[in-house]
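K.L.:
the following block contains a protein sequence and its predicted model.
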Amino acid sequence: MSSILDNVMREVKSGISTMSLSSLAEKLINQSGGIPSFKGYQAAWSEDAYPAALCVSINDEVVHGIPTEDKIIKTGDVVGLDCGLRYKGLYTDMAKTVIVGRTSKEIKKMVSVAKIALMSGIKEIAPGKYISDISRAIQIEVEKNGFSVVRQLVGHGVGRSAHEEPQVPNYVSKDYPKVELKAGMTLALEPMVNLGSYEVETGADGWTISTVDKKPSAHFEHTVLVTDKGYEILTK
């Protein structure tokens, strides 16, 4: 999964269509012997299944951006790439954000903080700890740097299907049950960090989720195994 997404990231440049990136991701997944887990995925919140192998979310689009031939990447864009595959009956999920060309120091910092926040959450993983330890570490890292963490979307379990329990929020909330981490659990951690408010909304296509204030967002994700002594990043 990691090598596939890295190869797609190398093709992100001004003038390329988001569909070209998705087509490349699908080709590489198929060549690896895997199956794109996003393409054809039917979510409870959308009438239509997701139509592509790769989510490409640009600027104020937080996640689930649908790639098309006429959606062209430009210099200065903040581009989130989210990809999943099924291999021998098991699923992995991974996301990275890349900046195309020059942008402001504030946006560069937001992307960097999102990446660091993911690792902050991962470092909390060990048997006997709790999902809330992950959530707290991510939230602290994001908010101490002046950014906001999306609250309407969360990380999740992953393994035999693309989305499983438990939910892994990126902030601390009493609305989520107290879940103890145990060896063998596999989690997809994915902090979504906004430059402005944490509020988001779903677009007319039923999939693309964007910031309400139209300020940019960054997204990083790893699939992580809880081991006997700590953790192993499966998408490293």
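P.N.:
Nice, I can see it.
K.L.:
close enough to count as contact, residue 40 and residue 50?
P.N.:
Yes - Residue 40 is in contact with residue 50 according to C-beta atoms under 8 Å; the separation is 7.0 Å. C-beta here means a position set from N, CA and C on the backbone, and glycine is covered the same way.
K.L.:
in the sheet, who's paired with the residue nearest to residue 185 when sequence neighbours are not counted?
P.N.:
Nearest non-adjacent residue to residue 185, counting by C-beta to C-beta, 6 or more residues apart in numbering: residue 226, 4.4 Å away. Beta bridges link residue 226 to residue 231, judged by DSSP bridges.
K.L.:
ok, back up a step: quick one: which of residue 40 and residue 50 has more around it?
P.N.:
residue 50 (20 against 12; other C-beta atoms under 10 Å).
K.L.:
for stretch 32-40, the distance to its chain's centre please.
P.N.:
16 Å (C-alpha atoms, centre = their mean, to the nearest Å).
K.L.:
sorry, wrong one. I was asking about stretch 41-60.
P.N.:
The answer for stretch 41-60 is 12 Å, by C-alpha atoms, centre = their mean.
K.L.:
same question, stretch 229-236
P.N.:
17 Å.
K.L.:
dump it to PDB, restricted to CA.
P.N.:
Provided in PDB are the C-alpha atoms of stretch 229-236 (Å, rounded to 0.1, in the frame of the first residue of the first chain):
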ATOM      1  CA  LYS A 229       4.600  -4.800  23.200                       C
ATOM      2  CA  GLY A 230       3.200  -1.800  21.300                       C
ATOM      3  CA  TYR A 231       2.400  -1.200  17.700                       C
ATOM      4  CA  GLU A 232       3.500  -2.000  14.100                       C
ATOM      5  CA  ILE A 233       2.700   0.400  11.200                       C
ATOM      6  CA  LEU A 234       1.400  -1.800   8.400                       C
ATOM      7  CA  THR A 235       1.400   0.900   5.800                       C
ATOM      8  CA  LYS A 236       4.900   2.400   6.600                       C
END
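K.L.:
which parts of that stretch are buried?
P.N.:
230-231, 233-235 (16 or more other C-beta atoms under 10 Å).
K.L.:
now those in JSON lines, with pLDDT?
P.N.:
Below are those laid out as JSON lines (pLDDT from 0 to 100):
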{"residue": "230", "pLDDT": "98"}
{"residue": "231", "pLDDT": "98"}
{"residue": "233", "pLDDT": "98"}
{"residue": "234", "pLDDT": "97"}
{"residue": "235", "pLDDT": "97"}
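K.L.:
and those, which is closest to residue 88?
P.N.:
residue 234 (13.4 Å; C-beta to C-beta).
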